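>>> Fold the following.
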Amino acid sequence: ARVLLTLTLLLPALASAQSGWRDAADKPAPDTAEMKSRGGFSAMLIITADADWEAKWDTPPETAPRFSSASSVSNGGELHILTFLANPAIDSASKTDVTCDFKVVRPDGSSSIDQADLACFRTTLKGDPKNVYLSAASLKFIAEPSDLRGTWRVLVVVKDNLRHVELPLESSFRVE
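Next comes the predicted model:
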């Protein structure tokens with residue numbers, strides 16, 4: 001597998017997480033393995049096969065992007081592993097300090113990638129902290145013929161270092 005760690009643009013979506021994620025009826029959404037909130041900070045992990053995910057994200061703030069989730073990939077296929085966050089703490093200069101640990105685990109338990117303390121959202125925040133932001137780090141997984149078949153696990157810990165909150169997220173996909 002080729003797992004490429006890339007940096008993306010830090011752009012907000014108009015959607016708001018307020019004090020945690022909300023469902024379509026604006027009710028608080030319960031924590032799941034892929035989506036958590038604690039202490040006012042929220043993070044979400046999405047695995048998508050959408051090749052146009054960047055174009056979907058790079059839309060006017062009034063347009064809420066929609067990503068399809070993916071649970072499997074075949075030879076030559078690509079998956080994009082994206083993390084989103086909302087309501088990061090800001091310091092007196094309006095700077096954020098969010099880092100992420102990324103780990104992709106093969107079906108045999110070995111690590112395909114294991115990176116700690118990546119700068120996921122270190123910026124001077126000009127918008128509302130409660131907007132949803134795309135993390136600066138994302139992963140691109142390309143399935144190759146030599147890849148182990150079976151379930152691959154994706155583990156991401158999103159850390160708001162100013163707030164001292166860590167949100168461990170987990171998802172998986174199958175290589176077929």
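>>> mind listing the helices for this structure?
Assigned by DSSP state H, the helices in the chain fall at 53-57.
>>> Where in it is the helix or strand with the lowest mean pLDDT?
strand 12-16 (a mean of 42; mean pLDDT, DSSP states H and E).
>>> Could you list the low-pLDDT ranges of this structure?
Residue ranges of the chain with pLDDT under 70: 1-19, 23-24, 61-62.
>>> For residue 173, give me its contacts.
Contacts for residue 173 (CB atoms under 8 Å, 6 or more residues apart in numbering) come out as 47, 70, 71, 72, 73, 79, 141, 151, 152, 154. The C-beta positions use only the backbone N, C-alpha and C, and glycine is treated the same way.
>>> Among those residues, pick out the one closest to residue 102, please.
Taking CB to CB as the measure, residue 154 is the one of the contacts of residue 173 closest to residue 102, at 7.9 Å.
>>> So for that closest one, what's the nearest residue that isn't a sequence neighbour?
For residue 154, ignoring the flanking residues on the chain, the nearest one in space by CB to CB, 6 or more residues apart in numbering is residue 171 at 4.9 Å.
>>> Could you give the number of residues near the closest residue to residue 39 other than its chain neighbours?
Distances taken as CB to CB, 6+ apart put residue 165 closest to residue 39, at 4.6 Å, once the chain neighbours are dropped. Using other CB atoms under 10 Å, residue 165 has 20 other residues around it.
>>> So what sits opposite residue 165 in the bridge?
Legend: beta-bridge partners of residue 165 under DSSP bridges are residue 160.
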